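Trainee: Provided below for reference: sequence and predicted model.
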2 protein chains.
Amino acid sequence: MLVLVTYDVSTQDEGGKKRLRKVAKECVNYGQRVQNSVFECILDASQVLILKDKLLSIIDTEQDSLRFYYLGNNYTNKVEHFGVKEGYEAEGVLMV
Amino acid sequence: MLVLVTYDVSTQDEGGKKRLRKVAKECVNYGQRVQNSVFECILDASQVLILKDKLLSIIDTEQDSLRFYYLGNNYTNKVEHFGVKEGYEAEGVLMV
């Protein structure tokens, strides 16, 4: 299923930037980075638990916000994009 | 239905910040800002078209990235949150 992971962290300080990099690194093992703090991951139920566990060990729950959106298996028509797509190719192939 | 709007803009320059403020202003008419660039809007089919049209008139498609995710009407169990929830109350009541 498609799981959208959105992560809000202050990147003003070095710690926040580092956490964002770590979150991105975990997420792109399962999908792609589509915006600076938005990741689309293709996961089964057990992978959801594993990824969630990993991300919760990275984020600072006192400062950061992490949200998961479950879009199911038939997600092709549930996503629409406008504007630029470039920018995160180094960390994953972008979806058209 | 729940429509998730994610918006990636460079806020390094004043123009980007202004566009983000405008996008937020439009989205919170229909829902709430849950992260800096993530908005949850409750829309019917015609409102989707209206909001999309408004946002496309605000964003710079050469620089910004805008994505819509359609989560349907039964979305309560499709969203999960971790970490802080504060931060955007001035522009909308945050979902628990």
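Mentor: Cool, got the structure.
Trainee: all helices of chain A, in order?
Mentor: Counting by DSSP state H, chain A has helices at residues A:14-27, A:45-58.
Trainee: give me the helices and strands touching the first one, please.
Mentor: Right, the one you point to is helix A:14-27. strand A:2-8, strand A:38-42, helix A:45-58 (3 or more C-beta pairs under 8 Å, 6 or more residues apart in numbering or on different chains; DSSP states H and E). The C-beta positions use only the backbone N, C-alpha and C, and glycine is treated the same way.
Trainee: please work out which of the helices of chain A is packed deepest.
Mentor: Across these, averaging neighbours per residue (mean count of other C-beta atoms under 10 Å in any protein chain shown) puts helix A:14-27 on top, at a mean of 16.
Trainee: quick one: that one to chain centroid distance?
Mentor: Per C-alpha atoms, centre = their mean, to the nearest Å, the displacement of helix A:14-27 from the mean C-alpha position of its chain is 10 Å.
Trainee: before we move on, the earlier item: generate JSON lines for the helices of chain A, with distance to B:Arg33 as supplementary columns.
Mentor: JSON lines is the format used below for these (distance: least, C-beta to C-beta, whole Å):
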{"stretch": "helix A:14-27", "distance to B:Arg33": "19"}
{"stretch": "helix A:45-58", "distance to B:Arg33": "21"}
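Trainee: for B:Leu4, find the nearest of the helices and strands packed on helix A:14-27.
Mentor: B:Leu4 lies closest to strand A:2-8 among the helices and strands packed on helix A:14-27, at 7.2 Å (C-beta to C-beta).
Trainee: got the contact list for A:Val84?
Mentor: A:Val84 makes contact with B:Thr61, B:Glu62, B:Gln63, B:Asp64, B:Ser65, according to C-beta atoms under 8 Å, 6 or more residues apart in numbering or on different chains.
Trainee: farthest-separated two in these?
Mentor: It's B:Glu62 and B:Ser65 that sit farthest apart of the contacts of A:Val84, by C-beta to C-beta, at 10.8 Å.
Trainee: so for these two, which sits in the more crowded spot?
Mentor: A direct count of neighbours by other C-beta atoms under 10 Å in any protein chain shown for B:Glu62 and B:Ser65 places B:Ser65 higher, at 24 against 7.
Trainee: ok, that one touching A:Gln35?
Mentor: Yes: counting by C-beta atoms under 8 Å, A:Gln35 is a contact partner of B:Ser65 at 5.5 Å.
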